[in-house]
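Trainee: Compute the structure for the input listed below.
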Amino acid sequence: MNESTRLVSFREAFYRRERRSVPLVRQFVREALLDWACEADLDDVLLCVSELATNALVHGVPPGRGFRVQLTWGDVLRIEVHDSGGGEVRGGAAPAPYAEYGRGLLLVGALADTWGVGERSPGKTVWCEFAGSASKLVEPGGRAHHLP
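Mentor: This is a model prediction of the structure:
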């Protein structure tokens, strides 16, 4: 019996500290998921990546710098947003009912299977993961194929 192993796919892109970067990040992630035939919920993934990118722009990217988005898909879809700024990531506490900010990471926590924050120098990495069914496998010997 031949065992198959999951093909790990990776993409990354760099974005400037500009408002127009958030829709560009969504487009980048959408295209990757479609190319990979990843079966994670596209709407949930795009909402979460919008929140992470917006948080990087508003709280984590100093003027004159940008942020990096990395996608990895193997057993799970992992989205990482790397910024070079300071600032703490605060998630989990509910904002006041009429507050204009503070719900982004609550949404990420509700939609993603898991999320977290990692240190980097300088800055931080905020990530989230989604289960995605294995629709792309690699056979021993390296030939990739899609599952039905």
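
Trainee: can you map out the strands along this protein?
Mentor: Ranges of strands in the chain, per DSSP state E, are 5-6, 9-16, 66-73, 76-83, 114-119, 124-131, 136-138, 144-146.

Trainee: between these, which gets nearest to Cys48?
Mentor: strand 124-131 (5.3 Å; CB to CB). For glycine as for every other residue, the C-beta is placed from the backbone atoms N, C-alpha and C.

Trainee: hang on, the earlier thing: ok, which of the strands of the chain comes nearest Arg103?
Mentor: With CB to CB as the measure, strand 114-119 is the member of the strands of the chain nearest Arg103 (14.1 Å).

Trainee: about what we covered before: save the strands of the chain as JSON lines, and put in mean neighbour count and distance to Ala32 too.
Mentor: As requested, the strands of the chain are exported to JSON lines (neighbours: other CB atoms under 10 Å; distance: least, CB to CB, whole Å):
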{"stretch": "strand 5-6", "mean neighbour count": "12", "distance to Ala32": "16"}
{"stretch": "strand 9-16", "mean neighbour count": "14", "distance to Ala32": "5"}
{"stretch": "strand 66-73", "mean neighbour count": "20", "distance to Ala32": "5"}
{"stretch": "strand 76-83", "mean neighbour count": "22", "distance to Ala32": "9"}
{"stretch": "strand 114-119", "mean neighbour count": "13", "distance to Ala32": "19"}
{"stretch": "strand 124-131", "mean neighbour count": "21", "distance to Ala32": "13"}
{"stretch": "strand 136-138", "mean neighbour count": "16", "distance to Ala32": "12"}
{"stretch": "strand 144-146", "mean neighbour count": "11", "distance to Ala32": "15"}
